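Participant: one predicted model, sequence on top.
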Amino acid sequence: MRRPSLNSREVSSSRKSRRISAVNGVAMCVDCVEKEYPNRGNICLENGSFLLNFTGCAVCSKRDFMLITNKSLKEEDGEEIVTYDHLCKNCHHVIARHEYTFSIMDEFQEYTMLCLLCGKAEDTISILPDDPRQMT
């Protein structure tokens, strides 16, 4: 299916139905992104936005920077969890909910990211001077 261009998004939002996805009770707009949950390898963002994946706001049709709101940090069972919302700077439409986690398991720091806009990623880094995975 071909994604509509920004020009076709100028149609009144009352006449156009947007594709909305809900994760943990938070609505996210799949019409605002080029690709849903792109694979980002080991790039885990604790803050910021992956603007290359932002096609423009499905509500106001503008492609601008985003606001980060509702940012929270909580700890659960030794894991730090950072969550926040990506909002359109112009109309405050919710584009995506971002979740970043950090934990220490044995001799490794583990990071994860999950966001409709920024993507999904995992990374593991040794806290030892010499990474035991590199030694053979």
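Facilitator: Thanks, I have it.

Participant: now for the helix or strand containing Lys120, which elements pack on it?
Facilitator: Lys120 is part of strand 119-126 when elements are defined by DSSP states H and E. Using 3 or more C-beta pairs under 8 Å, 6 or more residues apart in numbering; DSSP states H and E, the elements in contact with strand 119-126 are strand 108-115. C-beta: built from backbone N, CA, C; applies to glycine.

Participant: other SSEs contacting the strand it packs on?
Facilitator: strand 94-105, strand 119-126.

Participant: mind pulling up the pLDDT for Ser12?
Facilitator: Listed pLDDT for Ser12 reads 32.

Participant: quick revisit: how far away from the center of its chain is the strand holding Lys120?
Facilitator: Computed by C-alpha atoms, centre = their mean, to the nearest Å, the separation of strand 119-126 from the middle of its chain amounts to 14 Å.

Participant: ok, which stretches of this protein are strands?
Facilitator: With DSSP state E as the criterion, the chain has strands at 20-23, 26-29, 66-76, 79-88, 94-105, 108-115, 119-126.
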